[in-house]
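Chemist: got a structure for you, letters missing:
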Ligand SMILES: [Fe+2]
Ligand SMILES: [Fe+2]
């Protein structure tokens, strides 16, 4: 068994649990419908990633970790977006590093697909953040 790979995949699994619950939590707190919808969708995607990691770890003969993560309880919409963007950036970086220690094509592809989803989350969050910033700028200008 590739112990190092299992260890790294389990670390990612913990990050995915955090992502599932952070998006779920924030989706109940934000006021914007667009942000809430995105966070609900992302929460489901992150759960899919957790499921993917669990079966990958089991297929390698490892033991997947199960735990309840700590939730980021930031309330401010802009801060939530900034926090989430940083988390997605970190996910892409970590998965890219994990991908480098995988020696089978199929495993690398599974992680590659996950990286693309995280990149899409990142893109969408940046888009929303820019819109929110424009909205506040407009409000200030109207005064
Ligand atoms: Fe994820
Ligand atoms: Fe993500």
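Modeler: Great, that's in hand. Computed from a predicted structure; not experimentally measured. Numbers count the residues shown, from 1 in each chain. Ligands and ions are numbered 1, 2, ... in the order given.

Chemist: where do the helices sit along this structure?
Modeler: Secondary structure of the chain (DSSP state H): helices at 3-29, 33-59, 77-100, 105-142.

Chemist: Is there any residue in the first one that contacts ligand 2?
Modeler: So that's helix 3-29. No - using C-beta under 5 Å from the ion, helix 3-29 stays clear of ligand 2, coming no nearer than 5.6 Å. C-beta coordinates here come from the backbone N, C-alpha and C atoms, glycine included.

Chemist: buried residues in that helix?
Modeler: By neighbour count on 16 or more other C-beta atoms under 10 Å, the buried set for helix 3-29 is 5-6, 8-10, 12-13, 15-27.

Chemist: Against which helices or strands is it packed?
Modeler: helix 33-59, helix 77-100 (3 or more C-beta pairs under 8 Å, 6 or more residues apart in numbering; DSSP states H and E).

Chemist: Tell me what angle it forms with helix 105-142.
Modeler: 30 degrees (axes from the mean of the first three to the mean of the last three C-alpha atoms, to 10 degrees).

Chemist: Could you give the average pLDDT over helix 3-29?
Modeler: Average pLDDT, helix 3-29: 97.

Chemist: Likewise for the second one?
Modeler: The pLDDT scores in helix 33-59 average 97.

Chemist: Could you see whether ligand 1 lies near it?
Modeler: Yes - using C-beta under 5 Å from the ion, helix 33-59 reaches ligand 1 at 46, 49.

Chemist: Please list all residues in contact with the closest residue to residue 19 other than its chain neighbours.
Modeler: Spatial nearest neighbour of residue 19, chain neighbours left out: residue 46 (3.9 Å); criterion: C-beta to C-beta, 6 or more residues apart in numbering. Applying C-beta atoms under 8 Å, 6 or more residues apart in numbering, we find residue 46 in contact with 16, 19-20, 23.
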